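In: no letters, just coordinates:
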């Protein structure tokens, strides 16, 4: 055994600590998915409301007249961002609770115990 080997834990010792860390990372991913879905639903609602109020341009080619509503790109979004947000919002409207079911399924899959190779 070299001096280098004695300074670092063995891989098998480290493997015992990995499952809880991986499980915590999976929980964080599921939380992030839920937060993102809620944010996109809110984005769709707010963007559509802004269009109704005339604050954001609607469909079609906007003119460049002074005082014309801002375009999607001028507020830092893409049409794809708005489209994806509306898909999520509309899916939840058609089947209330579907996003929560998806997040719950992800949590269930991610919370399965991870068995280190040495325990198999």
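Out: Now that the structure is in, tell me what you want to look at. In this text, all values refer to a predicted model and were calculated from it rather than measured experimentally. Numbering: from 1, shown residues only.
In: the longest helix in this structure is where?
Out: Secondary structure assigned by DSSP state H gives helix 18-53 as the longest helix of the chain.
In: same question for that one, mean pLDDT?
Out: For helix 18-53, mean pLDDT is 90.
In: what's the neighbour count on residue 15?
Out: Neighbour count for residue 15, taken as other C-beta atoms under 10 Å: 15. (C-beta placed from N, C-alpha, C; glycine too.)
In: next, count neighbours for residue 46.
Out: When neighbours are counted by other C-beta under 10 Å, residue 46 comes out with 12.
In: then residue 88?
Out: Other residues close to residue 88 by other C-beta under 10 Å number 19.
In: do residue 37 as well
Out: 20.
In: who touches it in this structure?
Out: By C-beta atoms under 8 Å, 6 or more residues apart in numbering, the contact set of residue 37 is 88, 99, 102, 103.
In: on that earlier part again, mind listing what's buried in the longest helix of the chain?
Out: Within helix 18-53, the residues that count as buried by 16 or more other C-beta atoms under 10 Å are 26, 30, 34, 37, 40, 41, 43, 44, 47, 48.
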